[in-house]
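Q: all I have is the shape, not the residue letters:
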């Protein structure tokens, strides 16, 4: 359960925001917690305000401190990270949860995201990318490790009939359908891109990217970006 941190450039390299992001770490390995805290506190806009070695202590700490983001391991002693994430979301849905784990089996990924996690990162993630993931979820976005997205897509067979079809020009079908542009946005969303990254990739404004994401959520009957990504993978939409 070692964390592989690779220093890339200066600590201030990822985009720095004005708002301070308060973070609590729930991880059973002391040295891992020390490493994560030491790295994250080098960022001007990220502050580790608490740590816990198990879910039970973590929940008490989180309820008291009300952090913006929780870094959650899955393989914790006693209560696991998935159940802990569910409890966090039950008492405060505004707290964002970033799963940071070495577990990458498809069922664990789906269970974690289904519990309400806003991001899923493997422990060999580049250090600056982890900071970006924290910033992304703090801003309301979602983050999926590319390796996890690939695994999930391979393990989810494409159904004979895709439940959400691409809307063709002039179609009069009243069913919820995604336009070709919305399909492009959904694919990027599944890859864990933020609205800003989607806008840059498609060469559109951030406002337009947000509008597409809102339309996708409505058409897929989901509440947030993570649920949209999970449904897209489960149902073979992308």
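A: Yes, it's here. On a predicted model such as this, the values are computed, not experimentally measured, just so you know. Numbering: from 1, shown residues only.
Q: pLDDT-wise, which helix or strand of this protein ranks last?
A: helix 146-155 (a mean of 62; mean pLDDT, DSSP states H and E).
Q: quick check, residue 35 in a helix?
A: Yes - the assignment for residue 35 by DSSP: H, G, I helix; E, B strand; the rest coil puts it in a helix.
Q: I'd like to know how far it sits from residue 73.
A: Distance, residue 35 to residue 73, using C-beta to C-beta, to the nearest Å: 13 Å. Using the backbone N, CA and C atoms, a C-beta is placed for each residue, glycine as well.
Q: compare neighbour counts for those two and give me the winner.
A: Taking neighbours as other C-beta atoms under 10 Å, residue 35 and residue 73 compare with residue 73 leading, 26 against 17.
Q: on that earlier part again, which SSE is immediately downstream of the least confident helix or strand of the chain?
A: Downstream of helix 146-155, the next assigned helix or strand under DSSP states H and E is helix 180-190.
Q: what's that following helix in contact with?
A: 142, 144, 149, 153, 166-167, 178, 197-198, 201-202, 209, 212-213, 215-216, 219, 225, 228-229, 232-233, 237-238 (C-beta atoms under 8 Å, 6 or more residues apart in numbering).
Q: ok, now stretch 57-76?
A: Applying C-beta under 8 Å, 6+ apart, the contact partners of stretch 57-76 are 1, 21-28, 36, 49-52, 54-55, 80-82, 84-85, 87-88, 91-92, 95-103, 108, 112, 117, 134, 137-138.
Q: tell me which strands and helices the helix of greatest length in the chain is in contact with?
A: Taking DSSP state H as the criterion, the chain has its longest helix at helix 206-220. If you count contacts as 3 or more C-beta pairs under 8 Å, 6 or more residues apart in numbering; DSSP states H and E, helix 206-220 packs onto helix 180-190, helix 195-202, helix 225-234.
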